[in-house]
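Chemist: following is a predicted model, sequence given first.
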Amino acid sequence: MSDPLDLETALARHFGLSEFRPGQEEIVRAVSGGEDVLAIMPTGSGKSLCYQLPAVAAPGTALVISPLIALMNDQVRALRENGIAAAALNSANGPGENAAIEADLVAGRLDLLYMAPERLGMLSTTRLLRKAPLRFIAVDEAHCVSQWGHDFRPDYLEIGRLRAALGLPLAAFTATADPATREEIVARLFGGRTPRLFVHGFDRPNLHLAFAVKDRPRRQVLDFVHRHRGESGIVYCASRARTETLAAALAAEGHPAVAYHAGLETEARREVERRFAGEEALIVVATVAFGMGIDRPDIRWVLHADLPKSVEAWYQEIGRAGRDGLPAETLTLYGPDDIRLRRMQIDESTAPDARKALDHARLNALLAIAEATGCRRVPLLRYFGEESAPCGNCDLCAAPPETFDGTEAAQKALSAAVRSGERFGAGHLIDILTGTATERIRRLGHDRLPTFGVGREFDRARWQGIFRQLMAHDLLRPEPSRHGALVLSGKGRAVLRGERRLRLREDTIRRTERTPRAAALVAEEDAPLFAALRALRRKLAQEAGIPAYMIFNDRTLIAMAETRPADLDALARIPGVGAVKLGKYGPAFLEVITGTPAMRPPARRMKLAGTQAATLHDRLLETARALERGPHGTDRPVFCPPALVARIAARPPASRARLEEMLGPRRAERLADAFWEILRGETGD
């Protein structure tokens, strides 16, 4: 277990950071102060630090409930790399390993213990935790407790019982939770207690947002991935079979791609997770079963090959890109078949009507973003209760679409649906509108309908785009009891009656290659050094058997390449280079940057690197050596051990008397005047 530290010192020593990200500090201080907390923060905003830092800065152990074994093991490895005592108690461990972890827990040797919610129902778990010096419980992915959320996990219901049994404060974290989900989280986890609520900005300005209508979708996927060759990314699909066919297609074009879905054997899934965590350029083609378990900061893109089911699901999934804050690109492909599938999934579910209505509303919100006529971030952030100006970092800000008054076209389409008995899909309705007298049209007598041929001003492709938008605006819905036939919603009937007007987009399909590329990570002149630093990182990671980003993430390597630190003190001031990693990896990276071997200072000096105490240490040590034989070099030697100098520099005495006490009589007589002068100057006293 770490020694007690103030939060700022712990932040610098263990995480290599000199300041908090926006919104983190107030949450950290609330958790450290023993308050109940519900924090809703976007993916990539640093939620995990909000419970990891309080766990490190004070005695006791934080119990972290995390949904996936891969996620907790990933975080434990990263924490250990930062010199933090962490462990994960789960079924992936052997009996001996779990026994050792339990012994460390009871003995108070752990800062953080990770545990899956499935273990909470065991009586033995509660008995074990009662014996441990726990300070608080942290719940990751807290939306899993809510049946209104997008990823309900029944085992999360045990957390509230455990909190009550142990009488501990609880801090719950999630990236996306609407008001209904928040209310259920509070009710189920906090048992009537009102937590302190933190809702921080949902915007991820580094993510480039783009949607495209499906047009030869496999080619769209291949073109997009080709532009990102050599970068790690995720392709999300709606079905297991589609993950496998797309992964095979990507592999055939020379991309390192693998499929991932819940139907894989356990070992196969773990192998994909292991490879994705460790390989810098692997592409995973996956269902939504993938991603929550990977705490990887340098995923450069996320592509949805099919439309997700809600804004929350979509935003959670694209949020796995660019968690290091660097530019990342997203693209979501969709079409009328996607909309039809999602509507029918909702209607055919066994959920109560209130839940179905909410699910339709969530899908409508996502479709509003997909069919937006202006900046996509404006409706996205409005959905989460925030107002935003146009972002300049989405496809529609780069190339605004043309729109037209689509009221009359919509009325023709809606009338065709009504006059044909609301028993047909878009293809048949388009035949009616375009006056296409197919054998089926003639057999059903639909060539005699008043709407037959009234839409000849548009070709078939244009009508397909209009029907897609009518479905997206929830004017037409597929009806499961009529085998997917399109029926009018209440909003659709209002448009048909002329009570609402409607603007539609000109349906010009934007091919994926036209989407602006996310900005380059480094300037051209820094690219060779950045590549060399990544190569060293890859080598060290392979030797240590850990993912490359656990050595240093891309943001830290970029800062090294841009600032080119000349010594370990300068390297220590790079964000992400904490004391532990500086000692383990600093000299090797400095040698790549400077081109000369780096001198490794003593461990006591290394701990001070990059801080004001380092400068103070060097001045004090130089003075002690200069005065070792007195001011004239002729007196009897008085030696001041470097360890004592380091102790004085790390915790400067507040008074001259305390300094003399630390030095002892003989050293104080020789050094106190000079030391005190330096200390007063350095500390500003």
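Modeler: Right, received. Where do you want to start?
Chemist: where in the protein is the helix or strand with the lowest mean pLDDT?
Modeler: Ranked by mean pLDDT, DSSP states H and E, the helix or strand of the chain with the weakest confidence is helix 603-606, at a mean of 78.
Chemist: next secondary structure after that one?
Modeler: Next helix or strand after helix 603-606 toward the C-terminus (DSSP states H and E): helix 612-626.
Chemist: what are the contacting residues of that next one?
Modeler: 569, 572, 605, 608, 640, 642, 645-646, 648-650, 652, 671, 674-675, 678-679, 682 (CB atoms under 8 Å, 6 or more residues apart in numbering). Where C-beta positions appear, they are placed from N, C-alpha and C, glycine not excepted.
Chemist: buried ones in that helix?
Modeler: Within helix 612-626, the residues that qualify as buried are 613, 614, 616, 617, 618, 619, 620, 621, 623, 624, counting by 16 or more other CB atoms under 10 Å.
Chemist: and for stretch 460-476?
Modeler: 462-476.
Chemist: where does that stretch sit relative to the chain's centre, distance-wise?
Modeler: With CA atoms, centre = their mean, to the nearest Å as the basis, stretch 460-476 stands 34 Å off its chain's centre.
Chemist: looking at that stretch now, give me its mean pLDDT.
Modeler: Averaging pLDDT along stretch 460-476 yields 90.
Chemist: same check on stretch 32-46?
Modeler: Average pLDDT, stretch 32-46: 87.
Chemist: low pLDDT regions in the chain?
Modeler: 1-5, 147-152, 289-295, 507-520, 682-685 (pLDDT under 70).
Chemist: I figured residue 324 hits residue 552, correct?
Modeler: No. Look at residue 324 against residue 552 with CB atoms under 8 Å: they stay out of range, at 10.6 Å.
Chemist: which one's more surrounded, these two?
Modeler: Taking other CB atoms under 10 Å, residue 324 and residue 552 do not tie; residue 552 has more neighbours (26 against 22).
Chemist: can I assume the more buried one sits in a helix?
Modeler: No. With DSSP: H, G, I helix; E, B strand; the rest coil as the criterion, residue 552 is coil rather than part of a helix.
Chemist: what residues are up against it?
Modeler: The neighbourhood of residue 552, defined by CB under 8 Å, 6+ apart, consists of 537, 560, 576, 577, 581, 585, 589.
Chemist: can you count the residues close to the third one?
Modeler: Per other CB under 10 Å, the neighbour tally for residue 576 reads 18.
Chemist: for it, which non-adjacent residue is closest in space?
Modeler: Excluding its sequence neighbours, the residue lying closest to residue 576 (CB to CB, 6 or more residues apart in numbering) is residue 556, at 3.5 Å.
Chemist: so the one you found sits against residue 573, correct?
Modeler: No. Using CB under 8 Å, residue 556 is not in contact with residue 573, being 11.4 Å away.
Chemist: more crowded one of those two?
Modeler: residue 556 (22 against 18).
Chemist: for the helix or strand hosting that one, packing partners?
Modeler: Using DSSP H and E, the element containing residue 556 is helix 554-563. Secondary-structure packing of helix 554-563 (3 or more CB pairs under 8 Å, 6 or more residues apart in numbering; DSSP states H and E): helix 527-544.
Chemist: and the angle for the helix it packs on with helix 554-563?
Modeler: 140 degrees (axes from the mean of the first three to the mean of the last three CA atoms, to 10 degrees).
Chemist: pull out the buried positions in helix 527-544.
Modeler: Using 16+ other CB under 10 Å as the test for burial, helix 527-544 gives 529, 530, 533, 534, 536, 537, 540, 541.
Chemist: so the third one makes contact with residue 561?
Modeler: Okay, so that is residue 533. Yes. Counting by CB under 8 Å, residue 533 touches residue 561, with 6.2 Å between them.
Chemist: one step back: make a markdown table out of the contacts of residue 552 and add distance to residue 429 and secondary structure.
Modeler: Output for those, formatted as a markdown table (distance: CB to CB, whole Å; DSSP: H, G, I helix; E, B strand; the rest coil):
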| residue | distance to residue 429 | secondary structure |
| --- | --- | --- |
| 537 | 57 | helix |
| 560 | 60 | helix |
| 576 | 57 | coil |
| 577 | 62 | coil |
| 581 | 63 | helix |
| 585 | 64 | helix |
| 589 | 64 | helix |
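Chemist: about what we covered before: of the buried residues of helix 527-544, which is the nearest to residue 169?
Modeler: Of all the buried residues of helix 527-544, residue 169 sits closest to residue 541, with 36.6 Å by CB to CB.
Chemist: so what's the residue count around the closest residue in space to the closest one that isn't next to it in sequence?
Modeler: Spatial nearest neighbour of residue 541, excluding adjacent residues (CB to CB, 6+ apart): residue 548 at 4.1 Å. Other residues near residue 548 come to 24 when the count uses other CB under 10 Å.
Chemist: can you pull the contacts of residue 548?
Modeler: Counting by CB under 8 Å, 6+ apart, residue 548 has contacts 278, 280, 534, 537, 538, 541.
Chemist: ok, the second one to residue 545 distance?
Modeler: Read that as residue 280. Note on residue 280: its distance to residue 545, by CB to CB, to the nearest Å, is 15 Å.
Chemist: quick one: which of the two has more around it?
Modeler: Set side by side, residue 280 and residue 545 show more neighbours around residue 280, with 17 against 8, by other CB under 10 Å.
Chemist: angles on the backbone of that one, please.
Modeler: Dihedral pair for residue 280: phi -70, psi -20, per degrees, to the nearest 10.
Chemist: show me what contacts it?
Modeler: 232, 298, 534, 538, 548.
Chemist: nearest to residue 177, of the residues you listed?
Modeler: Using CB to CB, these come closest to residue 177 at residue 298, 26.4 Å.
Chemist: tally of neighbours for the closest one?
Modeler: If you count neighbours by other CB under 10 Å, residue 298 ends up with 21.
Chemist: now do the closest residue in space to it that isn't next to it in sequence against residue 29, distance only.
Modeler: In space, and not counting its chain neighbours, residue 298 is closest to residue 554: 4.6 Å by CB to CB, 6+ apart. The gap separating residue 554 from residue 29 is 29 Å, by CB to CB.
Chemist: compare these two (neighbour count), which wins?
Modeler: With neighbours defined as other CB under 10 Å, residue 554 and residue 29 compare such that residue 554 has more, 24 against 15.
Chemist: go ahead and confirm that one touches residue 325.
Modeler: No. Counting by CB under 8 Å, residue 325 is not a contact partner of residue 554; they are 9.6 Å apart.
Chemist: so where do the strands sit in the stretch 51-200 of the chain?
Modeler: 61-65, 86-89, 112-115, 134-139, 170-174, 196-199 (DSSP state E, counting those that start in this stretch).
Chemist: of these, which is nearest residue 390?
Modeler: Of the strands of the stretch 51-200 of the chain, nearest to residue 390 by CB to CB is strand 196-199, at 22.8 Å.
Chemist: who does that closest one pair with, and is each partner parallel or antiparallel?
Modeler: Strand pairing for strand 196-199, determined by DSSP bridges: strand 37-40 (parallel).
Chemist: what residues sit buried inside the strand it pairs with?
Modeler: Those buried within strand 37-40 under the rule 16+ other CB under 10 Å are 37, 38, 39, 40.
Chemist: ok, the second one touching residue 200?
Modeler: Which is residue 38. No. If you go by CB under 8 Å, residue 38 and residue 200 don't touch, sitting 11.7 Å apart.
Chemist: where's the nearest residue to residue 29 once chain neighbours are set aside relative to residue 139, distance?
Modeler: Computed as CB to CB, 6+ apart, the closest residue to residue 29 that is not its neighbour in sequence is residue 7, at 7.3 Å. Applying CB to CB, the value for residue 7 to residue 139 is 21 Å.
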